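Novice: fold the following for me, if possible:
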Amino acid sequence: MTRTHASGYRIGAATRTSDGKRGTVCALVVDPHTRAVTRLAVNPPHQHHRARLVPVAMTTAEPTGEVRLAYDYDSVSHLDQLDELDVGSSRTYGTRGSDDSIDRVEHVSVWIDRPPDGEAALRVRTPVRVGGDTIGYVEGLITGFDDHITALLVASGHPWARRTIAVPVDALTRVESTAVTVAATWGMA
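Specialist: Model prediction:
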């Protein structure tokens, strides 16, 4: 599918499958080298940690902000997952008793993102940094005709005085799942 207009993708945007089922964009998957959006991670309603990776070529960003998917709900449920349960090791808390027994042992498991190799999953909590300072957090991306990023949308400021800043893609020096780095020479308007 070739786009005839520039579009944007916001984390948290509503999605709709071809059969009318709704969901939410929970992450944007990008290729850090080409600076192109490759997939949208879409969660079904009320099902956290069930995000499916929908190829961006099979999506349409509407002017309303909603994202239409060219798949029905059943087809989406068969796509690769973004989240994976990482069963961690046991961790010991407390102190050893006189008989050398341990007071309490917990098994820690966490959900982690597993984007395709060489790609980065950007979520709302992904920090955007200039030098060592965090200037805000990823909110979304603006893309051109070919799904290449033209600007990164960054939510900045206190929640009561939040603003969205569009950072040009040329100012990005590094794009990773853990953080996006902006050139120190770039100035916020």
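Novice: name the element residue 74 belongs to?
Specialist: Assessed by DSSP states H and E, residue 74 sits inside helix 73-77.
Novice: quick one: average confidence on that helix?
Specialist: Across helix 73-77, the average pLDDT comes to 93.
Novice: how far does stretch 119-126 sit from the chain's center?
Specialist: Averaging C-alpha positions (Cα atoms, centre = their mean, to the nearest Å) puts stretch 119-126 3 Å from its chain's average.
Novice: returning to that earlier point: roughly how far is the helix holding residue 74 from the heart of the chain?
Specialist: 20 Å.
Novice: report the buried residues of it.
Specialist: Residues 73, 75-76 are the ones in helix 73-77 that count as buried (16 or more other Cβ atoms under 10 Å). (C-beta placed from N, C-alpha, C; glycine too.)
Novice: just the C-alpha atoms of that helix, please, in CSV.
Specialist: Presented in CSV, the C-alpha positions along helix 73-77 are these (Å, rounded to 0.1, in the frame of the first residue of the first chain):
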residue,chain,number,x,y,z
TYR,A,73,-9.8,-9.3,14.4
ASP,A,74,-9.0,-13.0,14.0
SER,A,75,-6.1,-12.2,11.6
VAL,A,76,-4.6,-9.7,14.0
SER,A,77,-4.7,-12.2,16.8
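Novice: I'd like to know which elements it is packed against.
Specialist: strand 52-55 (3 or more Cβ pairs under 8 Å, 6 or more residues apart in numbering; DSSP states H and E).
Novice: now do the strand it packs on, average pLDDT.
Specialist: Averaging pLDDT along strand 52-55 yields 94.
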